[in-house]
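1. Sharing a model that was predicted from the sequence below.
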Amino acid sequence: MIIEERFRRSNTNNTKKMEVVKSVAEKRRKRNTALPNEIITLTNVCKAYSTGAPALKDVNLHINRGEFVFIVGDSGSGKSTLIKLLLRELTITSGHINVMGYDLARIRHRKIPKFRRNLGIVFQDFRLLKDRNVYDNVAFAQRIIQKSNKEIKKNVPSILAIVGLAGKYKAKPKQLSGGEQQRVALARALVNKPTVLLADEPTGNLDPKNSWEIMKLLEQINESGTTVIVVTHNREIVNAMQKRVVTLKKGVIVSDEEKGGYIDED
Ligand SMILES: Nc1ncnc2c1ncn2[C@@H]1O[C@H](COP(=O)(O)OP(=O)(O)OP(=O)(O)O)[C@@H](O)[C@H]1O
Ligand SMILES: [Mg+2]
């Protein structure tokens with residue numbers, strides 16, 4: 001075969017190959033609308049409980065890797081529902097939801113623990129194990145994902161130092177203040193180095209000083225690369241921190257502002 005002919009054939013093959021590659025990419029894109037940098041994608045999400053009006057209506061939300069996002073809104077506006085959908089405690093009624101590459105409407109039950117390994121979760125009421133000390137509360141999160149004792153002994157003291165509790169590792173939750181308990185909960189959420197941290201009113205039970213400390217820790221964690229999503233009613237903190245603010249009203253996103261503030265209800 002003359003050289004020109006070989007070139008011609010190989011070019012035709014390459015063109016065919018490129019077409020196949022393109023069509024695979026196109027199919028993937030259609031299946032999963034998330035862009036590579038996008039870590040959370042909600043498209044036309046509705047969530048209705050068995051009773052009452054829908055808690056979320058036609059929600060569209062895109063969050064990039066490494067963002068810090070406040071979710072605010074009146075009581076009953078759907079904030080906790082949104083958090084529960086993101087951690088797949090609840091399933092959507094319609095629409096699409098993708099978190100860290102997982103299609104949460106389709107994820108198989110046996111895959112949920114693996115999905116949650118990359119999530120850190122903090123609640124208003126701390127949810128610590130009452131009969132275990134600070135160290136064991138945090139170590140527990142590592143044991144669940146089968147970390148070795150050697151790793152646990154390294155990771156737990158280091159995360160407790162970050163949240164400022166190195167000296168209290170032997171204390172039981174009832175021997176700690178509310179702010180300290182929340183810092184244990186935060187250490188527990190962070191020890192597995194989550195990609196995304198979800199916090200539902202983490203300062204809801206704290207005084208202003210402790211609230212600021214927790215928010216500063218969340219900011220620090222975000223600066224180290226974790227995507228952080230925080231539900232809060234704390235107007236002063238939201239206005240001061242100048243982060244992205246998503247406002248929900250009766251299950252609808254009514255505003256989504258870069259460097260936003262707390263929108264006053266009229
Ligand atoms: N398990 C449930 N069954 C039925 N309705 C529910 C359930 N959980 C929440 N809702 C309803 O869904 C709506 C949104 O509730 P959600 O808990 O998401 O609000 P929220 O914004 O977190 O409020 P808050 O600021 O008080 O925590 C409310 O009208 C609530 O009554
Ligand atoms: Mg709530």
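-> The structure has been received and is ready for your questions. Numbering: from 1, shown residues only. Ligands and ions are numbered 1, 2, ... in the order given.

2. and the chain, which of its residues are near ligand 1?
-> 49, 51-52, 55, 73, 75-81 (Cβ under 6 Å from any ligand atom). All C-beta spots, glycine's among them, are computed from the backbone N, C-alpha and C.

3. 8 Å instead, please
-> Proximity of the chain to ligand 1, by Cβ under 8 Å from any ligand atom, involves residues 49-53, 55-56, 73-84, 200-201, 231, 233, 248, 251.

4. of those residues, buried ones?
-> Burial by neighbour count, 16 or more other Cβ atoms under 10 Å: within those this picks out 55-56, 73, 77-84, 200-201, 231, 233, 248, 251.

5. what about the strands in the chain?
-> 38-47, 56-64, 68-73, 94-99, 102-103, 119-123, 196-200, 227-231, 244-249, 252-257 (DSSP state E).

6. Adding distance to residue 137 and mean pLDDT, write these out as JSON lines.
-> Below are the strands of the chain laid out as JSON lines (distance: least, Cβ to Cβ, whole Å; pLDDT from 0 to 100):
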{"stretch": "strand 38-47", "distance to residue 137": "27", "mean pLDDT": "98"}
{"stretch": "strand 56-64", "distance to residue 137": "29", "mean pLDDT": "98"}
{"stretch": "strand 68-73", "distance to residue 137": "26", "mean pLDDT": "98"}
{"stretch": "strand 94-99", "distance to residue 137": "26", "mean pLDDT": "98"}
{"stretch": "strand 102-103", "distance to residue 137": "27", "mean pLDDT": "98"}
{"stretch": "strand 119-123", "distance to residue 137": "13", "mean pLDDT": "95"}
{"stretch": "strand 196-200", "distance to residue 137": "17", "mean pLDDT": "98"}
{"stretch": "strand 227-231", "distance to residue 137": "21", "mean pLDDT": "98"}
{"stretch": "strand 244-249", "distance to residue 137": "31", "mean pLDDT": "98"}
{"stretch": "strand 252-257", "distance to residue 137": "35", "mean pLDDT": "97"}
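
7. and of the ones you listed, who's closest to residue 157?
-> Nearest to residue 157 among these is strand 119-123 (18.3 Å), distances taken as Cβ to Cβ.

8. Identify the residues contacting residue 141.
-> 188-189, 191-192 (Cβ atoms under 8 Å, 6 or more residues apart in numbering).

9. and of those residues, the nearest to ligand 1?
-> Nearest to ligand 1 among the contacts of residue 141 is residue 189, at 18.7 Å by Cβ to the nearest ligand atom.

10. what's the closest of the strands of the chain to residue 181?
-> strand 119-123 (11.1 Å).

11. Please name every helix or strand in contact with the closest one.
-> Helices and strands touching strand 119-123, by 3 or more Cβ pairs under 8 Å, 6 or more residues apart in numbering; DSSP states H and E, are helix 178-190, strand 196-200.

12. Make a markdown table from the ones you listed and add distance to residue 125 to it.
-> Shown next, in a markdown table, are the helices and strands packed on strand 119-123 (distance: least, Cβ to Cβ, whole Å):
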| stretch | distance to residue 125 |
| --- | --- |
| helix 178-190 | 9 |
| strand 196-200 | 10 |
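
13. Of all these, which one comes closest to residue 217?
-> Per Cβ to Cβ, nearest to residue 217 of those: helix 178-190, 6.1 Å.
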